[in-house]
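In: sequence first, then the predicted structure, then my questions.
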Amino acid sequence: MALPHPYGTLRCSAKSVHPRRAVRATATLLTTALLATMLTGCGDEKSPTATSATASPSASVSPNASPTPPLDRDGDGVPDSSDTYPDDPKNTPQQPPVSLECDTGNDWDALLVVRPGKNGRPDFSEVWAAKPTSCDSQAEIYPVTETEKAALKTSKYKDGNITTLYEMCAAVDPEDTYLEADYAASSEQIPEINAALLLCPTYPYAKKWREAVKRGQADADLAAQGRIFGEGTFRVGKEIKPGTYVTTDVDGCYWERQNASGDTIDNYFTNSARRVQVTIRSSDYAFSSENCGEWRPVR
């Protein structure tokens, strides 16, 4: 640091001050006084003002912290913000929520929602809690999950539409025909009920549905054997089996047993009857009936 001086330039350091010219002896006292005054500005090169002006940031401030990672609830490496299935690490395709208009008794147009469930099955719990007796989907429903695709295949529907299955699963009508005692599902109803049970295996009346299917399947087997049949003319031993058969609740029922020439062996007619029974013999050529409904083997 250079200091102006009447006798020349002085330089200060932390240890001493060096005059560039010799100080005259006659001016010793004056020089000494001036030096004392000048040296008060010398010393440490770091003055308090300079120190405060150039002070470094506090040591307590940490280095740049890592940014907070995005949420990923299922841990599949896909952030929730862009994960179609944020709660499923396998990202299994799911049917979007399905809106249904239902009759709950109190509300004829209750809007209920079927949400995605586990294993590709829809969750009907919210709908069942409202106890609707019937429901209509607001849009057609097509399979997305593997379970829905299996249901479509089981139903034997040809148009690829599973809307009816959703509507069947949603309604919990205690007076539904399928729930009647001894009801046997038809050959067309059996695959449809089985398909619905794939979508809603915990359906409130699932047990009765399965019983109806079981009875229907038993009837289908009997029909295939020629032991359940309706009105018309049938060859005995080829189309129907000989045996004793019964029909119930008939009006204007007529039947006849025929020989190979088409002649009548025996016949019967009734205007109205709760029960009609006939025994078809193996020697009969054909059996014919009209307005008698369905003939079933006597149990």
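Out: Sure thing, it's come through. None of the values given here were measured: they were computed from a predicted structure.
In: need the residues that contact stretch 131-147.
Out: By C-beta atoms under 8 Å, 6 or more residues apart in numbering, the residues outside stretch 131-147 that reach it are 92-95, 98-105, 110, 112, 119-121, 127, 149, 151-152, 160-163, 166-167, 170-173, 175, 198-199. In short, each C-beta sits where N, CA and C put it, glycine included.
In: which residues belonging to that stretch are considered buried?
Out: P132, S134, C135, S137, I141, P143, V144, T145, T147 (16 or more other C-beta atoms under 10 Å).
In: disregarding residues adjacent in the polypeptide, which is nearest to the first one?
Out: In space, P132 comes closest to C102 once its chain neighbours are excluded; the distance is 3.5 Å by C-beta to C-beta, 6 or more residues apart in numbering.
In: of the contacts of stretch 131-147, which belong to helices?
Out: V127, K149, A151, L152, T163, Y166, E167, A170, L198, L199 (DSSP state H).
In: ok, the residue nearest the centre of the chain - contacts?
Out: Closest to where the C-alpha atoms of the chain average out (C-alpha atoms, centre = their mean) is P116, at 1.6 Å. By C-beta under 8 Å, 6+ apart, P116 lies in contact with Q94, Q95, P96, P97, P122, D123.
In: distance check, the second one against Y166.
Out: Right, the one you point to is Q95. 9 Å (C-beta to C-beta, to the nearest Å).
In: pull up the overlap in contacts between these two.
Out: P122, I141.
In: more crowded one of the two?
Out: For Q95 versus Y166, neighbours defined as other C-beta atoms under 10 Å are more numerous around Y166 (25 against 22).
In: okay, that one: pLDDT?
Out: At Y166, the model reports a pLDDT of 98.
In: isn't it up against V98?
Out: Yes: contact criterion C-beta atoms under 8 Å: Y166 and V98 qualify, at 6.1 Å.
In: intersection of neighbour lists for the two?
Out: Contacts common to Y166 and V98, judged by C-beta under 8 Å, 6+ apart, are V114, P122, S137, I141.
In: quick check: the farthest pair among those residues?
Out: Greatest spacing in these, by C-beta to C-beta: P122 and S137 (11.5 Å).
In: residues shared between the contacts of those two?
Out: Overlap of the contact sets of P122 and S137 (by C-beta under 8 Å, 6+ apart) consists of V98, Y166.
In: which helices and strands does the single longest helix found in the chain pack with?
Out: As assigned by DSSP H, the longest helix anywhere in the chain is helix 206-224. If contacts are counted by 3 or more C-beta pairs under 8 Å, 6 or more residues apart in numbering; DSSP states H and E, helix 206-224 sits against helix 189-199.
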